[in-house]
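K.L.:
I'll drop the sequence and a predicted model, then ask my questions.
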Amino acid sequence: MKTGRHIVVAAFAAVLVLSSLAQATDVSGNITTTTWTKANSPYRVKGAIEVVLNNILTIEPGVDVLFDADVKITAYGLIRATGTAADSIRFLKGTAAEWGGISVTSSGTVTPPNDSSALAYVRISGAKNDGSPGYGGAIGLSQTNLKLSLDHCVLSGNTATTEGGAISVDNGAILYARNCLFANNTSPIGGGISFRANTTYGTISDCVFQGNTSATDGCAIGSRTPHATFTRCLITGNQHANNTSTVDCFSGSNITMVNCTIANNTTTKVFDSTSGGKAALRNCIVWGTGTVMLEAPLPGTSDPWTVTYSDIKGGWDGTGNINADPLFTNAAAGDFTLGTGSPCINTGDPADPTDPDGSRVDMGAYPTTGPVGVSVSGTPARFALYANAPNPFNPATTIRFDLPADGFVTLAVYDVNGRLVRNLVAGHFGAGRHEAIWDGRDNIGRAVASGVYLVRLTAPEGMLTRRMVLAR
């Protein structure tokens, strides 16, 4: 029997099988319909690449695209880079100090393709768009009705000299992003993401904006679009060089945020719409540093804000709104789940769908998993699974859980589609607090791709689940 504060290290011995490395494949110039394969990876970019209109560049799981020249990939056709949870695709610096990012666009006079470009389980890092006009450090998306979907992607450490440190959406383009991490990108406007033109569209769900910076407006998000919706997103740790705003709604902007948490960003204003933008917040938490949480429009204009069933530091008029410490479990360690007694539990819009446990929806991005407590004797009073720390993480993270009584326990990691990735724990444990370490590998020792994963604890008391973000 394992008792007390037992540490379980979920590691294992592995036999390394060495094989000859495939020779790199040099690429540049115009590309017609083709596939870049793992067998021919890495692909070393020696000059600017153009995916010709009406053609498709397909990239297999496990491919590395390394830039040995400061150039970009321009996709007038479609780009399909679809990795897997076990085998991601990476766009990285090679021998060049930086590279120019990916431009998904059309040739202007030609109608863009009806189908979408798509990136899944892809990491884009080290790109810098310093050209003219310098929109979109990692990705510039531009053309009416042109669509791009991002799924389980990590855009980190990219720079744009004008707007959109990670991504810029412009000229009527449409972006879909889910389960993505936008981290440590920088730009004067929209350090994480920028919706430039007032005809663009965005649907962003279950994403994290963390550590992005700007010098002018919107260190996390800058928007001029009438249709940008953010659902279950966490916006934290973003910094503004002049301490201005975390999210900036420019004239013509209309942002909707549902069950989002905006907390602990280094700005004087969290949400700014003084230039005439509009916003609607529901079931959100806006908390942390800053003297102004929501800044209304300039005097003499109508109030564009619709805020309901949200926790706003300093207060805000509206149905169901509160002004109370949300009692995050451990915000300093990046755990923005709701702790015991949080006023945000079961206080979201009663007309919305319930939380996974069947209760009334909570405020914020992460619903509570139930009460947590420790008795005077030191034995946990409740069955609990804590958020992993650090989170996001690379290469390893610690997962803690409490057991109020002895019992058989399993702890396992799944991808968001419910496929088993790694068995961490399976055995009989005594009452107490326990830990497990996940090293970002699957059951056969392969490093899994960047993305969002679920850790699931099962014991006689029931089953608990939390989200983790791996950012390689």
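P.N.:
Nice, I can see it.

K.L.:
surely residue 201 touches residue 176?
P.N.:
No - using C-beta atoms under 8 Å, residue 201 makes no contact with residue 176, being 9.1 Å away. To be clear about C-beta, it is placed using only N, CA and C from the backbone, and glycine gets the same treatment.

K.L.:
break the protein down into its domains, please.
P.N.:
Following automatic domain parsing, one gets these domains for the chain: 28-287, 384-470.

K.L.:
which stretch among these comes nearest residue 307?
P.N.:
Set against residue 307 and scored by C-beta to C-beta, those come closest in domain 28-287, at 4.6 Å.

K.L.:
residue 393 contacts residue 455, correct?
P.N.:
No - counting by C-beta under 8 Å, residue 393 sits too far from residue 455 to count as a contact (11.6 Å).

K.L.:
which one's more surrounded, those two?
P.N.:
residue 455 (24 against 19; other C-beta atoms under 10 Å).

K.L.:
deepest of the domains of the chain, which one?
P.N.:
When the domains of the chain are scored by mean count of other C-beta atoms under 10 Å, the highest mean neighbour count falls to domain 28-287 (a mean of 22).

K.L.:
average pLDDT across that one?
P.N.:
Domain 28-287 shows a mean pLDDT of 86.

K.L.:
chain center to that domain, what's the gap?
P.N.:
Centre-to-centre, domain 28-287 and its host chain are 11 Å apart (C-alpha atoms, centre = their mean, to the nearest Å).

K.L.:
just the terminal-to-terminal distance for it.
P.N.:
For domain 28-287, the first and last residues are 48 Å from each other (C-alpha to C-alpha, to the nearest Å).

K.L.:
likewise stretch 391-409?
P.N.:
By C-alpha to C-alpha, one end of stretch 391-409 lies 23 Å from the other end.

K.L.:
and for stretch 189-205?
P.N.:
End-to-end for stretch 189-205, by C-alpha to C-alpha: 21 Å.

K.L.:
same check, this time on stretch 67-87
P.N.:
20 Å.

K.L.:
where does residue 39 sit: helix, strand or coil?
P.N.:
With DSSP: H, G, I helix; E, B strand; the rest coil as the basis, residue 39 sits in helix.

K.L.:
meant to ask about residue 411
P.N.:
Judged by three-state DSSP, the three-state class of residue 411 is strand.

K.L.:
again, but for the one 3 residues further on
P.N.:
Using three-state DSSP as the criterion, the local structure at residue 414 reads strand.

K.L.:
okay, it: pLDDT?
P.N.:
Listed pLDDT for residue 414 reads 91.

K.L.:
so what sits opposite it in the bridge?
P.N.:
Note on residue 414: beta-bridge partners by DSSP bridges are residue 420, residue 454.

K.L.:
joint contacts of residue 393 and residue 455?
P.N.:
Common contact partners of residue 393 and residue 455 (C-beta atoms under 8 Å, 6 or more residues apart in numbering): residue 468.

K.L.:
residue 329: which of the domains of the chain is closest?
P.N.:
For residue 329, the closest of the domains of the chain is domain 384-470, at 6.2 Å, according to C-beta to C-beta.

K.L.:
show the contacting residues for the closest residue to residue 450 other than its chain neighbours.
P.N.:
Using C-beta to C-beta, 6 or more residues apart in numbering and skipping residues adjacent in sequence, the residue nearest residue 450 is residue 154, 4.1 Å away. If you count contacts by C-beta under 8 Å, 6+ apart, residue 154 has them with 122-125, 180-181, 183, 450-451, 471-472.

K.L.:
try 6 Å this time
P.N.:
Residues in contact with residue 154 (C-beta atoms under 6 Å, 6 or more residues apart in numbering) are 123, 181, 450, 471.

K.L.:
do the same with residue 54
P.N.:
Applying C-beta under 6 Å, 6+ apart, the residues contacting residue 54 are residue 77.
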